[in-house]
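[1] Fold the following.
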Amino acid sequence: MKFADRIRSLLGMSVITDDDWDALADLLVEGDLGAAFADAAVTELRAACRDAGVRDGQGARSMLKRVLMPWARGVDIRPLPGGLNVVMLLGVNGVGKTTTAAKLASRWLADGSAHGAILAAGDTFRAAAIDQLRHHGDRLGLRVVAQERGSDPGAVLFDALDAAAADGADLVLADTAGRMHTKQNLILELEKMDKIVAAKADRSRYRRLLVLDATTGQNALRQAEAFSEAVAVDGIVLTKYDSSAKGGIALSVARNLGLPTAFLCDGERYQDLRPFEPSRYLDEFLGLGS
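    From the prediction side, this is the model:
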């Protein structure tokens with residue numbers, strides 16, 4: 001049973017009991033809010049329902065949407081016209097960075113946000129990652145800049161930015177290695193890349209997106225903590241959202257780290273990537289609407 005169905009089942013049309021409130025807190029923990037967040041949300045919800053005279057489950061779910069709305073934070077990430085834009089995809093192995101790079105390129109080229117794109121194979125530690133990005137490049141008809149396995153990721157990015165200038169492309173999407181670096185190594189590696197971007201593009205057109213797997217729960221929060229402590233993250237992309245029965249990690253990351261969500265990936269196709277819409281997201285999370 002999906003998480004939203006469990007919320008609907010618990011908070012049906014009947015009058016809510018004290019046991020229901022306790023069960024709701026437990027369910028929100030399972031929904032990846034974390035214990036402290038879940039307890040605080042239910043405490044606020046109970047007070048709001050009491051003040052508004054709401055006693056039925058349907059009303060409580062609608063009220064819960066209001067309680068959670070401050071933490072459903074979105075951010076508009078798209079290429080800016082009139083110059084070169086650089087988007088770097090961060091995250092651990094297996095979260096879907098390479099596919100997300102291809103999905104973003106496909107989306108922004110299709111809607112006219114970008115007029116030419118280069119894919120940079122910055123994950124030089126895994127030959128499979130380079131091959132995968134080349135596969136996407138072939139499917140999308142995009143140039144992929146890559147070097148041999150083990151090459152300097154900074155050199156790949158430098159070449160990609162040069163290629164964009166030569167081709168007249170206005171977007172570079174850079175895949176990166178998915179190893180869990182030490183904080184210091186991550187800082188040093190990204191500082192180097194930052195300097196390369198600063199020499200070639202306006203910093204206002206440079207964005208770092210952290211890719212998180214929606215099915216990994218609070219482990220995704222730990223990953224977000226590690227990366228955001230090391231570098232300035234502009235937003236998160238939540239992948240495998242279609243196969244997750246929860247998805248509440250977006251709320252947890254916003255509440256704990258202040259990081260907004262830019263996109264949700266809810267399928268394998270290139271078009272299965274959509275901007276984060278707070279109201280729609282909470283309706284799906286809580287089983288509201290149609």
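[2] Any idea how many residues pack against Leu109?
    18 (other Cβ atoms under 10 Å). In this view, the C-beta of every residue, glycine as well, is placed from N, C-alpha and C.
[3] For it, which non-adjacent residue is spatially closest?
    Using Cβ to Cβ, 6 or more residues apart in numbering and skipping residues adjacent in sequence, the residue nearest Leu109 is Ala117, 5.9 Å away.
[4] Thought Leu171 was touching the one you found, still the case?
    Yes. Between Ala117 and Leu171 a contact is recorded at 4.3 Å, counting by Cβ atoms under 8 Å.
[5] In terms of neighbours, single out the busier of those two.
    Ala117 (27 against 24).
[6] dump the residue contacts of the more buried one.
    Under the criterion of Cβ atoms under 8 Å, 6 or more residues apart in numbering, the neighbours of Ala117 are 105, 108-109, 142, 169-173.
[7] Equivalent analysis for Gly289, please.
    Asp283.
[8] what about it, distance to Ser62?
    Note on Gly289: its distance to Ser62, by Cβ to Cβ, to the nearest Å, is 10 Å.
[9] Could you do Asp76 as well?
    Taking Cβ to Cβ, one finds Asp76 at 27 Å from Ser62.
[10] Check Ala199 too.
    51 Å.
[11] Out of those two, name the residue with the larger neighbour count.
    Set Ala199 next to Ser62 and count neighbours by other Cβ under 10 Å: Ser62 wins out with 16 against 9.
[12] How about the more buried one, nearest residue that isn't a chain neighbour?
    Once flanking residues are discounted, Ser62 sits nearest to Leu288: 6.6 Å by Cβ to Cβ, 6+ apart.
[13] number of nearby residues for that neighbour?
    Other residues close to Leu288 by other Cβ under 10 Å number 18.
[14] what's the answer for His115, then?
    His115, neighbours per other Cβ under 10 Å, totals 13.
[15] ok, now the one 3 residues further on?
    Other residues lying near Ile118 total 27 when counted by other Cβ under 10 Å.
[16] Name the SS class of it, please.
    When classified by DSSP: H, G, I helix; E, B strand; the rest coil, Ile118 comes out as strand.
[17] For it, give me the pLDDT.
    On the pLDDT scale, Ile118 is placed at 98.
[18] so it touches Ala146, yeah?
    No. Applying Cβ under 8 Å as the test, Ile118 and Ala146 come out as separate, 10.9 Å apart.
[19] Please save the CA atoms from stretch 195-202 in PDB.
    The C-alpha trace of stretch 195-202 is given here as PDB (Å, rounded to 0.1, in the frame of the first residue of the first chain):
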ATOM      1  CA  LYS A 195      37.500  28.300 -10.600                       C
ATOM      2  CA  ILE A 196      37.200  26.700 -14.000                       C
ATOM      3  CA  VAL A 197      33.500  27.700 -14.400                       C
ATOM      4  CA  ALA A 198      34.300  31.300 -13.100                       C
ATOM      5  CA  ALA A 199      36.900  31.700 -15.800                       C
ATOM      6  CA  LYS A 200      34.400  30.700 -18.500                       C
ATOM      7  CA  ALA A 201      30.900  31.600 -17.400                       C
ATOM      8  CA  ASP A 202      29.100  34.000 -15.100                       C
END
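[20] average pLDDT for that stretch?
    Averaged over stretch 195-202, pLDDT sits at 86.
[21] Other residues contacting it?
    Residues outside stretch 195-202 that contact it (Cβ under 8 Å, 6+ apart): 83-86, 154, 157-158, 161-162, 165, 172, 203, 206.
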